[in-house]
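*Asks:* Structural data only, the sequence is not supplied:
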Ligand SMILES: Nc1ncnc2c1ncn2[C@@H]1O[C@H](COP(=O)(O)OP(=O)(O)OP(=O)(O)O)[C@@H](O)[C@H]1O
Ligand SMILES: O=c1[nH]c(=O)c2[nH+]cn([C@@H]3O[C@H](COP(=O)(O)O)[C@@H](O)[C@H]3O)c2[nH]1
Ligand SMILES: NC(=O)CC[C@H](N)C(=O)O
Ligand SMILES: [Mg+2]
């Protein structure tokens with residue numbers, strides 16, 4: 001049995017699946033996202049208080065589309081199907097899913113009565129919802145009744161209260177569905193009878209217990225420690241679970257920022273009380289990157305060397321470790337791999353898709369289901385110093401994916417200097433905490449300039465600064481002009497080989513935060 005009610009989200013490939021998870025956790029209910037291939041036995045074992053079926057790009061009549069073990073509908077666990085999830089419930093329940101009436105964006109929802117899923121709504125009033133579908137249902141399956149409609153959709157929501165199974169054609173999880181949160185909270189609390197008990201403190205207790213169960217009483221554990229918030233939180237949790245059987249390994253991969261190695265070592269030794277080994281492996285990484293230009297190849301090469309170095313260090317240090325802890329987060333996972341489901345690979349995060357198949361360790365990833373801001377909350381609860389928690393994220397492949405194209409030592413040095421100036425000025429201007437992540441990128445092009453009456457033909461540095469909540473979506477930060485101007489002047493004057501600075505004004509999507 002679990003201490004907390006838990007909701008299972010089956011992911012049919014919607015862009016919004018992670019938003020569903022967020023919304024549920026914001027209601028302080030624990031949830032996890034899993035591929036729709038989970039069968040009824042697995043689901044029973046998992047112990048869901050409620051199940052949400054996400055939307056997705058498929059159509060129920062197409063070939064090879066993801067479906068649901070129909071026995072799950074008979075478990076007696078409440079179910080809410082959203083968009084494709086609703087269409088699947090309709091299809092499996094014997095209703096017809098109609099094709100070809102496309103509806104994207106806003107619509108007005110009118111509920112039949114103010115109860116159950118729509119408790120607190122007013123049948124006399126319309127509320128704005130957000131839609132994104134091409135298929136729809138005109139008549140609910142036998143045993144189900146219409147709960148809401150819009151001017152163009154006769155069935156915007158249906159339900160069978162006896163079975164506790166519901167479907168909504170719109171997306172209650174997006175902010176533009178103005179009362180969507182209420183729909184989700186009605187589902188969680190009135191229908192699934194969850195209690196809102198999932199807090200950062202509860203997460204800590206549970207994950208310490210889970211780590212103990214996974215690692216056992218004997219095994220030794222190493223942790224890849226970067227000094228970033230994710231691995232610091234992961235290391236602290238594991239340390240609570242296994243004590244001195246944990247050794248942290250900080251790898252200087254030659255792709256770190258200026259002063260980073262010294263800074264991380266100092267802060268960690270000062271605050272953490274965990275054994276730390278620092279390994280200088282710059283040559284190995286740079287050798288592996290020689291001649292490699294493609295971003296995915298670079299990421300995979302770096303991921304592979306990380307594991308080799310962890311392995312060699314575990315042996316050299318005589319740890320006998322059989323477990324490797326990583327601070328992998330949910331966004332690392334979702335962007336790297338199709339979660340057994342239908343979403344696509346955006347980029348291979350070094351700690352997920354970049355791992356070799358024949359890894360000599362079992363992975364311990366206590367944060368695999370969380371988003372960055374949730375990890376920060378856990379870190380605060382664990383009492384980690386603000387120096388770790390407030391740090392901008394820094395990717396494991398580091399400057400290796402910020403020197404675009406082939407990575408050379410002198411290019412790394414150039415970027416290191418430019419990046420240090422950029423961050424120094426941002427701190428100086430008091431903007432560091434307002435920005436989610438800021439960094440410089442060295443472009444693989446050169447441009448013409450004039451310095452001291454002489455012609456230059458040098459490199460271009462692009463500056464990126466974004467605001468974000470969880471790294472899944474981001475917007476460019478409107479950096480004050482006088483700060484930009486100071487940064488640009490300093491970089492061009494102080495960094496050899498750079499004669500031009502550009503500011504990146506792309507949001508995510510359609511761009512990503514990193515350039516590679
Ligand atoms: N230089 C490094 N040495 C050892 N392990 C590393 C290093 N860089 C990354 N890792 C491992 O890869 C994981 C993922 O890196 P990632 O950058 O996502 O997390 P983080 O560095 O802990 O936090 P942040 O996102 O705040 O930088 C880390 O949690 C850590 O386990
Ligand atoms: O540890 C990591 N290993 C990686 O391979 C990796 N790639 C991207 N990132 C970080 O993830 C966040 C989202 O980045 P993107 O928008 O570029 O995908 C941003 O914070 C990125 O810095 C990584 N972190
Ligand atoms: N967003 C969705 O879930 C869309 C479901 C289905 N593909 C449709 O177009 O109706
Ligand atoms: Mg990092």
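*Replies:* Now that the structure is in, tell me what you want to look at. Not measured: the values here are computed from a predicted model. Numbers count the residues shown, from 1 in each chain. Ligands and ions are numbered 1, 2, ... in the order given.
*Asks:* For the helix or strand where residue 85 lies, which outside residues touch it?
*Replies:* Counting by DSSP states H and E, the element that carries residue 85 is helix 84-92. By Cβ atoms under 8 Å, 6 or more residues apart in numbering, the residues outside helix 84-92 that reach it are 10, 12, 14, 52-60, 67-68, 70, 73, 79, 81, 96-97, 133, 135-137, 140-141, 158, 165, 167-169. To be clear about C-beta, it is placed using only N, CA and C from the backbone, and glycine gets the same treatment.
*Asks:* Repeat that for stretch 99-115.
*Replies:* By Cβ under 8 Å, 6+ apart, stretch 99-115 touches 59, 61, 118, 120-123, 125-136, 145-153, 156-157, 170, 176.
*Asks:* Would you indicate which residues of the longest helix anywhere in the chain are buried?
*Replies:* Longest among the helix segments of the chain by residue count, using DSSP state H, is helix 295-316. Across helix 295-316, burial judged by 16 or more other Cβ atoms under 10 Å covers 295, 298-307, 309-311, 313-314.
*Asks:* Nearest residue to the middle of this structure?
*Replies:* residue 331 (1.6 Å; Cα atoms, centre = their mean).
*Asks:* okay but that one is in contact with residue 371, surely?
*Replies:* Yes: using Cβ atoms under 8 Å, residue 331 is in contact with residue 371, at 6.7 Å.
*Asks:* Quick one: the strands in the stretch 351-500 of the chain, in order.
*Replies:* All strands of the stretch 351-500 of the chain, identified by DSSP state E, counting those that start in this stretch, fall at 362-364, 437-451, 454-468, 474-476, 498-503.
*Asks:* Check which helices and strands the first one is in contact with.
*Replies:* Translated: strand 362-364. Applying 3 or more Cβ pairs under 8 Å, 6 or more residues apart in numbering; DSSP states H and E, we find strand 362-364 packed against helix 200-215, strand 321-325.
*Asks:* could you dump the ones you listed to TSV with distance to residue 462, mean pLDDT and mean neighbour count?
*Replies:* As requested, the helices and strands packed on strand 362-364 are exported to TSV (distance: least, Cβ to Cβ, whole Å; pLDDT from 0 to 100; neighbours: other Cβ atoms under 10 Å):
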stretch	distance to residue 462	mean pLDDT	mean neighbour count
helix 200-215	36	93	16
strand 321-325	34	95	24
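*Asks:* Which residue is it, in the stretch 251-400 of the chain, that comes closest to ligand 2?
*Replies:* residue 395 (3.2 Å; Cβ to the nearest ligand atom).
*Asks:* For residue 425, give me the pLDDT.
*Replies:* With respect to pLDDT, residue 425 scores 98.
*Asks:* Next, count neighbours for it.
*Replies:* 19 (other Cβ atoms under 10 Å).
*Asks:* how near is it to ligand 2?
*Replies:* Applying Cβ to the nearest ligand atom, to the nearest Å, the value for residue 425 to ligand 2 is 20 Å.
*Asks:* for residue 63, same thing?
*Replies:* From residue 63 to ligand 2 the distance is 32 Å (Cβ to the nearest ligand atom).
*Asks:* same deal with residue 462?
*Replies:* For residue 462 relative to ligand 2 (Cβ to the nearest ligand atom), the value is 14 Å.
*Asks:* contacting residues for that residue?
*Replies:* 440-441, 443, 501-504, 515.
*Asks:* Identify, from the residues you listed, the entry nearest to ligand 2.
*Replies:* When these are compared against ligand 2 (criterion: Cβ to the nearest ligand atom), the nearest one is residue 515, at 7.8 Å.
*Asks:* Find the nearest non-adjacent residue to that closest one, please.
*Replies:* Excluding the flanking residues, the one nearest residue 515 by Cβ to Cβ, 6 or more residues apart in numbering is residue 441, at 5.0 Å.
*Asks:* just residue 421 next, same as before
*Replies:* Residue 421 sits nearest to residue 490 (Cβ to Cβ, 6+ apart), 5.0 Å away.
*Asks:* do the same with residue 200
*Replies:* residue 381 (4.1 Å).
*Asks:* What segments of the stretch 251-400 of the chain are helices?
*Replies:* With DSSP state H, counting those that start in this stretch as the criterion, the stretch 251-400 of the chain has helices at 260-271, 282-289, 295-316, 330-336, 372-381, 386-389.
*Asks:* got the buried residues for the helix or strand harbouring residue 80?
*Replies:* Element membership of residue 80, judged by DSSP H and E, is strand 79-82. Judged by neighbour count (16+ other Cβ under 10 Å), strand 79-82 contains these buried residues: 79-82.
*Asks:* could those residues go into JSON lines alongside distance to ligand 4?
*Replies:* Output for the buried residues of strand 79-82, formatted as JSON lines (distance: Cβ to the ion, whole Å):
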{"residue": "79", "distance to ligand 4": "38"}
{"residue": "80", "distance to ligand 4": "36"}
{"residue": "81", "distance to ligand 4": "37"}
{"residue": "82", "distance to ligand 4": "33"}
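*Asks:* Same list, these, but as TSV with pLDDT and distance to residue 260 please.
*Replies:* TSV is the format used below for these (pLDDT from 0 to 100; distance: Cβ to Cβ, whole Å):
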residue	pLDDT	distance to residue 260
79	98	48
80	98	45
81	98	47
82	98	43
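*Asks:* Relative to ligand 3, which of those is nearest.
*Replies:* Nearest to ligand 3 among these, with distances taken as Cβ to the nearest ligand atom, is residue 82, at 7.0 Å.
*Asks:* Would you confirm that that closest one contacts residue 174?
*Replies:* No: Residue 82 lies out of contact with residue 174 (Cβ under 8 Å); the separation is 10.3 Å.
*Asks:* how many neighbours does the residue of the stretch 101-250 of the chain found nearest ligand 4 have?
*Replies:* Here the residue of the stretch 101-250 of the chain nearest ligand 4 is residue 228; by Cβ to the ion that distance is 3.3 Å. Using other Cβ under 10 Å, residue 228 is surrounded by 20 other residues.
*Asks:* got the contact list for the nearest residue to residue 192 once chain neighbours are set aside?
*Replies:* Leaving aside its chain neighbours, residue 192 sits nearest to residue 50 (3.4 Å; criterion: Cβ to Cβ, 6+ apart). Residues in contact with residue 50 (Cβ under 8 Å, 6+ apart) are 7-8, 77-80, 187-188, 191-192, 194.
*Asks:* Run the contact check for the one helix or strand residue 239 maps to versus ligand 2.
*Replies:* Following DSSP H and E, one finds residue 239 within helix 229-242. No: residues of helix 229-242 contacting ligand 2 under Cβ under 6 Å from any ligand atom: none, with a closest distance of 7.6 Å.
*Asks:* Verify the stated contact: residue 143 with residue 159.
*Replies:* No: counting by Cβ under 8 Å, residue 159 is not a contact partner of residue 143; they are 10.0 Å apart.
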